[in-house]
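Peer 1: Below is the structure, and that's it, no one-letter string:
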């Protein structure tokens, strides 16, 4: 489909899950399609990523404050976290830190803007 406004039929073809009558011609609203854009439900996406990671053997440590990251032996990653007032040292082959702009405070070496915009 070409980018831009869609007819009700085009919208239903592209998104079969649309409720019947959800797109009405000439009601003053428009439905648009842009192939290079998209949206996702962040909660559902995060849940799916966590489930997929656990299915592949990942250990999820949520609700923890990451205190430090460092290179371990043989390419491993050492992580120190604080959770429930306990400090724990972990070693893993790979680590995902979902700290957002706080990652800069950990010395991750990822160039991040720490202000919105």
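Peer 2: Sure thing, it's come through. Note that the structure is predicted; figures quoted are calculated from it, not measured.
Peer 1: Touching the longest helix seen in the chain from outside, list them.
Peer 2: When the chain is parsed with DSSP state H, its longest helix is helix 42-55. Here helix 42-55 makes contact (C-beta atoms under 8 Å, 6 or more residues apart in numbering) with 60, 96. Every residue, glycine included, has its C-beta placed from N, CA and C.
Peer 1: Please name every helix or strand in contact with the next helix or strand after it.
Peer 2: Sequence-wise, the next helix or strand downstream of helix 42-55 (DSSP states H and E) is strand 65-71. Packing partners of strand 65-71 (3 or more C-beta pairs under 8 Å, 6 or more residues apart in numbering; DSSP states H and E): strand 77-83.
Peer 1: Now do the buried residues in the strand it packs on.
Peer 2: 79, 81 (16 or more other C-beta atoms under 10 Å).
Peer 1: Give me the neighbour count for residue 23.
Peer 2: Other residues near residue 23 number 19, with proximity taken as other C-beta atoms under 10 Å.
Peer 1: Then residue 35?
Peer 2: Residue 35 - counted by other C-beta under 10 Å - has 9 other residues nearby.
Peer 1: my guess is it is in a helix, correct?
Peer 2: No. Using DSSP: H, G, I helix; E, B strand; the rest coil, the secondary structure at residue 35 is coil, not a helix.
Peer 1: So it versus residue 14, what's the distance?
Peer 2: 10 Å (C-beta to C-beta, to the nearest Å).
Peer 1: Residue 48 now?
Peer 2: Counting by C-beta to C-beta, the gap from residue 48 to residue 14 is 22 Å.
Peer 1: what's the answer for residue 45, then?
Peer 2: 20 Å.
Peer 1: Compare these two (neighbour count), which wins?
Peer 2: In this view residue 45 and residue 14 are compared by other C-beta under 10 Å, and residue 14 has more residues nearby, 13 against 10.
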